[in-house]
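Trainee: return a 3D structure for these sequence lines:
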Amino acid sequence: MSLGELSIRDFVQELASEKPAPGGGSVAALAGALAAALCAMVGNLTVGRKNQEKAWPAMAKVRDEAEAIATELLRLVDADTEAYNRVTEAYRLPKENKEQQAKRLTAIQAAIYGAAQVPLKTLKTLSPLPELARQALELGNPNCLTDAGVAIQLVRAGAFGAAYNVRINAKGLKDQSQAMKLLAETERTLQRILKEVMKLEGVVEEKLA
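Mentor: Have a look, this model is predicted:
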């Protein structure tokens, strides 16, 4: 059974267990999925409501895009755990002779690179969410203000969490040019997301004042 099919209670228990995975990377993707779901919810609570007809087309688009992002991020919850498990498996490969050692090292490096790619994918997948949250705030049902606000905070948590996991895996790469490329793309994407998140936090604060 995939992690996305577990109940909330079972997922939390699995997360709290002595197993190293699922861990922070999966939770970062889950935070993003929850943020996307909240944006979709605002869309669903706007489309069809009286006195909000002008917002229906835009909010229907927000809803549809957010649902697609949530689906992809739920896939990444599992993908992150699978990537971690491949790293563990690579470290368990035999290392009795030079041939085995070389094969093991190649497998470890490939697995670590793969483990860095998943949270980077999570970060990229998260990147449209601030714009969807902005539309939810400006055009969505005003009764959903704090739902959009929580979505923004989950985007922040998911983005930082994904970036942390790219960085920790990049440290294990022997190919420094490969690591630097991953880190540069991560930093650019993270800063772009955070810039938008900070603006939206200000909008939420103004509306709550």
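Trainee: any idea which element the residue nearest to the spatial centre of the chain lies in?
Mentor: To find the centre residue of the chain, average its C-alpha atoms and take the closest one (C-alpha atoms, centre = their mean): that gives residue 29, at 3.1 Å. Secondary structure here is read from DSSP states H and E; on that basis residue 29 sits in helix 24-44.
Trainee: show me what counts as buried in the first helix or strand past that helix going along the chain.
Mentor: Moving toward the C-terminus from helix 24-44, the next helix or strand (DSSP H and E) is helix 56-91. The neighbour-count check on helix 56-91 (16 or more other C-beta atoms under 10 Å) flags 58-59, 62-63, 65-67, 69-70, 72-84, 86-87, 90 as buried. Bear in mind the C-beta positions are built from the backbone N, C-alpha and C, glycine included.
Trainee: okay, angle between the lowest-mean-pLDDT helix or strand in the chain and helix 56-91 too, please.
Mentor: For the chain, using mean pLDDT, DSSP states H and E, the weakest element among its helices and strands is helix 8-16, scoring a mean of 95. With axes from the mean of the first three to the mean of the last three C-alpha atoms, to 10 degrees defining the directions, helix 8-16 sits at 40 degrees from helix 56-91.
Trainee: got a list of contacts for helix 8-16?
Mentor: Applying C-beta atoms under 8 Å, 6 or more residues apart in numbering, the contact partners of helix 8-16 are 3, 6, 22, 23, 26, 27, 30.
Trainee: hang on, isn't the fourth one packed against residue 85?
Mentor: Read that as residue 23. No. Using C-beta atoms under 8 Å, residue 23 and residue 85 do not qualify as a contacting pair, with a distance of 10.9 Å.
Trainee: so the helix holding residue 29 versus helix 8-16, what angle?
Mentor: Using the same axes, to 10 degrees: helix 24-44 against helix 8-16 is 160 degrees.
Trainee: for the chain, which spans come out with low pLDDT?
Mentor: In the prediction, the chain carries no residues with pLDDT under 70.
Trainee: let's see that with 90 instead.
Mentor: Filtered on pLDDT under 90, the chain yields the residue ranges 1-2, 4, 51.
Trainee: OK, contacts around residue 122?
Mentor: Applying C-beta under 8 Å, 6+ apart as the definition, the contact partners of residue 122 turn out to be 25, 28, 29, 32, 73, 76, 80, 158, 162.
Trainee: state the distance from the last one to residue 51.
Mentor: Pointing back at residue 162 there. Between residue 162 and residue 51 the distance is 38 Å, computed by C-beta to C-beta, to the nearest Å.
Trainee: and the gap between the residue located most distally from the centre of the chain and residue 35?
Mentor: If you look at how far each residue of the chain sits from its centre, by C-alpha atoms, centre = their mean, the farthest one is residue 97, at 40.2 Å. Between residue 97 and residue 35 the distance, using C-beta to C-beta, works out to 49 Å.
Trainee: list only buried entries from the contacts of helix 8-16.
Mentor: By the neighbour-count criterion of 16+ other C-beta under 10 Å, the contacts of helix 8-16 include these buried positions: 3, 6, 22, 26, 27, 30.
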